[in-house]
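Trainee: Predicted model follows, preceded by the sequence.
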Amino acid sequence: MERLPPFFLKSYGWPRVDDRRVLSGIIFVNRNGLRWRDAPREYGSHKTFYNRWKRWSAMGIFIRMMDGLADGQEEPRTIMIDASYLKAHRTASSLRLKKGIQGRLIGRTKGGMNTKLHVITDQNGRPLSFFMTAGQTSDYTGAAALPDSLPIAQWMLADRGYDADWFRDALKGKGIKPCIPSQKCRGKPVRYDRRKYKHRSRIEIMFGRIKDWRWVATHYDRCPNVFFSAICLAATVISWL
């Protein structure tokens, strides 16, 4: 908790409930996928940390928390990129959207209604940045939003879903060497470092650990900002605390 106070709002006027106890209750509910009212009484009133969860999510505190802790680390020598599906629960994909309300970033795929999570990690599989799209968005399309925001690194590891000449050229323009296997349809395969590519398994392990958080795995939330906060909270606790 000594590393987290800079990311919380300062308290004015009437003293608020202890941030540590409230955050512990939020983590417990997210980790186990419980209803807020089912949280143990030791964390206090469930209404308190539910309201705090909604308020902090709207303010982007959990996103700033992960970004701030990740920025405090050394620049990675190798970065990795990948995407994974997060299957939406019935309660998240039901009901029609009202006019003027932001979309839920949920799309129909062969596996049902899904959201796709795109992640950039360091060489140890610790997430540096996230962004979400609807489930039917391809890895190729998601990568188009990334070149301008990539951290400084020497190598980029990615699977063959990111094999595109423009993406390789964008990486080389930033001084990053791509380690990406060729797609089977490419006429002349591009050589890559197979030994270095084996380390890409760490990003797959990271996805598995985030999906161990029941709130993320079941995707209850209709609001994409709240669901994105749950992902950032899980990544912060797993990788940066």
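Mentor: Sure thing, it's come through.

Trainee: Helices along the chain, start to end?
Mentor: 19-32, 46-59, 61-71, 90-93, 139-143, 165-173, 194-197, 201-211, 214-218, 224-235 (DSSP state H).

Trainee: Kindly report the domain assignment for this structure.
Mentor: 15-59, 75-220 (automatic domain parsing).

Trainee: how about the helices of the chain, which one is nearest residue 180?
Mentor: Shortest distance between residue 180 and the helices of the chain, using CB to CB, is found for helix 165-173: 7.0 Å. From N, CA and C alone the C-beta is placed, and that goes for glycine too.

Trainee: how about residue 47, what does it touch?
Mentor: residue 36 (CB atoms under 8 Å, 6 or more residues apart in numbering).

Trainee: Let me see the confidence value for it.
Mentor: Residue 47 carries a pLDDT score of 89 in this model.

Trainee: and residue 180, what does it touch?
Mentor: 156, 157, 158, 159, 160, 162, 163, 167, 168, 190, 192.

Trainee: Comparing the helices of the chain, which comes out most buried?
Mentor: helix 224-235 (a mean of 22; mean count of other CB atoms under 10 Å).

Trainee: and that helix, what does it pack onto?
Mentor: Here helix 224-235 touches helix 19-32, helix 46-59, helix 61-71, strand 112-122, strand 127-134, helix 201-211, helix 214-218, going by 3 or more CB pairs under 8 Å, 6 or more residues apart in numbering; DSSP states H and E.

Trainee: now the domains of the chain as JSON lines including distance to residue 234?
Mentor: Below are those laid out as JSON lines (distance: least, CB to CB, whole Å):
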{"stretch": "domain 15-59", "distance to residue 234": "7"}
{"stretch": "domain 75-220", "distance to residue 234": "4"}
